[in-house]
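Q: quick one, what's the 3D model for this:
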Amino acid sequence: MSVMQFWADMEQDEYDPEEFVERLAFRSRSGSNPADLNDADRLLGSFEQAIKDLTAMYEKQQIKCRELEEKCREEERAHWARVANLIQRNKSAATTYKSLDEKINSVAGKVVYLGDQLESVNTPRARAVEALRLIKHFDEFLDGETSLSPVFMDKTRLYEAADIIQKLHLIGQELPEDRFSGARRAIEAKYNEVEKSLIEEFVKYQRSDDKVKMAELAKILSHFRGYSECVNAFIEQIQMSSLRGKDPFKDIVPLCKNSWETISKVFPSPSAVMAKFVLNIYHVKLKQHINVKLQDKNDTERYLKNLFLLYSQTNKLNSELSQYNLGSDQLFLTKLTKDIFSRYLDSYINLESSYLNERSRLVLTKYYDSEGHQRRNLTATSSTVQELKRDIHGLIAAKTNLNLAEVADYGGKTFLSDDVAIMLIQETREAFRRCQVLSKSTDLASNAVEIFNILVSYLLHNHVDYAIELGLTGIPLPETKSPPEFYFFDIVRQTNTIIFLVDKLFADSLLPLVVSTPKQALCLQTKKNEWEKIELKLDTGIDRILAAIAGWIKTVLATEQKKTDYNPQGGEAIAVASGACLKVVKWVSEVTRKLRDSLDGRNMEIILQDLGVRLHRTVYEHLQQFQFASAGAMTLICDMQEYRRCVGDWKLGTVTALFDTLHAMCNLLILPPENLRGAAMGDQLVNMDKTILDNWLQLRVDYKTARLANCL
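A: Predicted coordinates:
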């Protein structure tokens, strides 16, 4: 095998010695017979020759490696020699740079000294030349006549004339009046003339939008007394061609943006000019616009909306203009706004309260007129009298079965309106928005409380509380002779809706205005008191209507239930529910539907549970008036099934358990004596007092004959 073949095998990416030996053996045996005995000798010879070749290759590679290492060491020595030479040259360059820097500093010092010397010589000379020039021009004014110097006659030399007359004017102010009065008057006249010409030139270049010339003239005029006149002329010229629309708020920001670009390039003190420009806009254009909009206070609603809108727009304008440098006073824009609106904001809360009172009164009056209802005077005293009369009538009805109470149900009208509530709440929400913007920070919380109290007075007291009081008078006594109506449930439903809306308004609009103030606790207490008062009256009404429902059930059972239903004479009774039971169940189902339409959630569960307890008590007391035969007890069992099916839809564990227990007690009326003890030990009756069960068993017609007294 050739040496080149060895190199090819060993320079592969993944060299494996074992694989190399296998490949060498395979090549040595190629073409030979595997059974030939000379094959081993040939393989040994191939391995020995390969070892020799590989040894020779290794020795050659060792020689090459030593040559390369020696060459690398020589190159490394040469490289370090070059690096040392470069370091030495760098040190030499640094020394030369330091020397050169010292020489430059020395020369610079000498140049500065020489410049100071030249300036000290030239400055007095320049001043002397300037003084001579001014003296010559002053000499022309000594006779009291206006100077005829070409400088003041040539309009093209206006800048030079301005410089001279400004300095002469300063000099004239220092001269005694008695000796130089004529000269001072002549200089003053020329000063005013040049100043006027400069302002006219400024306006001319402003009209042609030549900012370079305007800047030159503004710089010159900044040394004159009439510099403010130049600024006024600039502002007046801008306003002549702008702010002509009906709504200046749309034009002010773009106008200020464009004007600032000019002011910052033209005037030497742009912040002062911009402040004066904004001041002029606020005190002239903006103030005039606001006064026109707010001059009519006859329409209070429009006035308040305009005041809120204008003040909000002005605050937004302040925020947008605050990006400009308007001087050192950070409250500049706030003071301008306060100056414009102060007389309107001082009387704001009085107008707001007056408007809310009038608006709320109008909404309620309009609603009751549309219902054809004349409001009754339901004061606390009258309510107490009504309660006393109701109690007396109830006592009379219970003793004599005479119902003298007058029930006014107003044809099912609840005198509660979601639309009225929404209108009053919306008005109050808008009032809170205005209050937040228009009130002073010190008055914000008290103003918000005043607005909330107005809502409480009209919506809760004059509308909700009034409707509940009317609803209470429309609930019949428990001894009613006709099915009671359920209008009070509608009042409960509408009251819950209104309270939800008021509570949302309280959280969203009022609390943010009074948070972290003493008024917060007052508002929370007021809300708690009002909620509790309404809840107490609703609970009273619900208790009365449930009592009326139970009373009507008692009346139906008393009039419809026959003694023969449970103790049939002369034959077997059919195992079906009695007519009285079916009538009661049907009516209770109607009550349930009405309750579910009017209430939801936990409130409905509580009222249904109360109704279920009252129904159970009424049925239980009713059954204790009868005697039960075996056949009649089957009818009773069917009645119990109907009652259980009726209350089972409520899915209330307490009510279901009551009727399950009563059903188990009814089973005692049909079981043979020997099974009574086992039934009494059942799950439903095991915890019941044995005296109650014994009294119940006495309702069986065979109680004495079957000797059931000791069965339990």
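
Q: C-alpha only now, for contacts and for neighbours.
A: OK.

Q: helix, strand, or coil at Val502?
A: What DSSP: H, G, I helix; E, B strand; the rest coil gives for Val502 is helix.

Q: which ones are touching the spatially closest residue to it that is not a sequence neighbour?
A: The spatially closest residue to Val502, leaving aside those adjacent along the chain, is Ile425, at 7.1 Å (Cα to Cα, 6 or more residues apart in numbering). Contact analysis of Ile425 by Cα atoms under 8 Å, 6 or more residues apart in numbering lists 455, 501-502, 505.

Q: in these, find the pair that's most separated.
A: Leu455 and Leu501 (12.0 Å; Cα to Cα).

Q: which of these two has more neighbours?
A: For Leu455 versus Leu501, the count of surrounding residues by other Cα atoms under 10 Å is larger for Leu455: 22 against 15.

Q: can you tell me how far the more buried one is from Gln426?
A: Separation of Leu455 from Gln426 (Cα to Cα, to the nearest Å): 10 Å.

Q: what packs against the strand or helix carrying Gln49?
A: Using DSSP states H and E, Gln49 sits within helix 39-141. Helix 39-141 sits against helix 3-10, helix 17-29, helix 158-174, helix 177-207, with contacts defined as 3 or more Cα pairs under 8 Å, 6 or more residues apart in numbering; DSSP states H and E.

Q: of these, which shows the lowest average pLDDT?
A: Note on the helices and strands packed on helix 39-141: helix 3-10 shows the lowest mean pLDDT, a mean of 62.

Q: in terms of secondary structure, what does the strand or helix carrying Leu557 contact?
A: Element membership for Leu557 (DSSP H and E) is helix 518-560. Judged by 3+ Cα pairs under 8 Å, 6+ apart, the packing partners of helix 518-560 are helix 444-455, helix 466-473, helix 487-505, helix 579-598, helix 601-623.

Q: now it: average pLDDT?
A: 92.

Q: mind checking how far it is from the chain centre?
A: 35 Å (Cα atoms, centre = their mean, to the nearest Å).

Q: which is the next helix or strand following that helix?
A: helix 563-566.

Q: what residues of that following helix count as buried?
A: Residues of helix 563-566 classed as buried: 565-566 (neighbour count, 16 or more other Cα atoms under 10 Å).

Q: center of the chain, which residue is that?
A: Asp508 (8.5 Å; Cα atoms, centre = their mean).

Q: checking that residue next. Helix, strand or coil?
A: helix.

Q: OK, contacts around it?
A: Asp508 touches nothing, counting by Cα under 8 Å, 6+ apart.

Q: what's the spacing between it and Val231?
A: 49 Å.

Q: what do you get for Asp419?
A: 58 Å.

Q: between those two, point out the one with more neighbours.
A: Val231 (23 against 12).

Q: pull out the buried residues from the helix or strand the more buried one falls within.
A: Here Val231, judged by DSSP H and E, is contained in helix 227-240. In terms of neighbour count (16+ other Cα under 10 Å), helix 227-240 has its buried residues at 227, 230-235, 238-239.

Q: pipe those into TSV and attach distance to Arg207 per row.
A: Formatted as TSV, the buried residues of helix 227-240 follow (distance: Cα to Cα, whole Å):
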residue	distance to Arg207
Tyr227	18
Cys230	14
Val231	14
Asn232	15
Ala233	11
Phe234	10
Ile235	12
Ile238	9
Gln239	12
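
Q: now, which of the residues you listed sits nearest Leu304?
A: Gln239 (29.9 Å).

Q: let me know the pLDDT of that closest one.
A: The predicted local confidence for Gln239 is 76.

Q: again with Asp247
A: pLDDT, read off for Asp247, is 77.

Q: where does it land in three-state SS?
A: Counting by three-state DSSP, the backbone at Asp247 sits in coil.

Q: need the nearest residue in space to it, chain neighbours excluded.
A: Looking at Asp247 with Cα to Cα, 6+ apart, the closest residue is His289, at 8.0 Å.

Q: what about the one you found, which SS state?
A: Following three-state DSSP, His289 is assigned to helix.

Q: from here on, count from 40
A: Yes, from this point I'll number from 40; that puts the last item at His328.

Q: roughly how far apart are it and Ala272?
A: Distance from His328 to Ala272, by Cα to Cα: 22 Å.

Q: looking at the protein, which helix or strand is least sure?
A: helix 419-439 (a mean of 49; mean pLDDT, DSSP states H and E).

Q: going on from that helix, what's the next piece of helix or strand?
A: Next element after helix 419-439 (DSSP H and E): helix 457-477.

Q: ok now that next one, how far from the chain's centre?
A: Distance, centroid of helix 457-477 to centroid of chain: 17 Å (Cα atoms, centre = their mean).

Q: that one to helix 483-494, inter-axis angle?
A: Per axes from the mean of the first three to the mean of the last three Cα atoms, to 10 degrees, the angle that helix 457-477 makes with helix 483-494 is 160 degrees.
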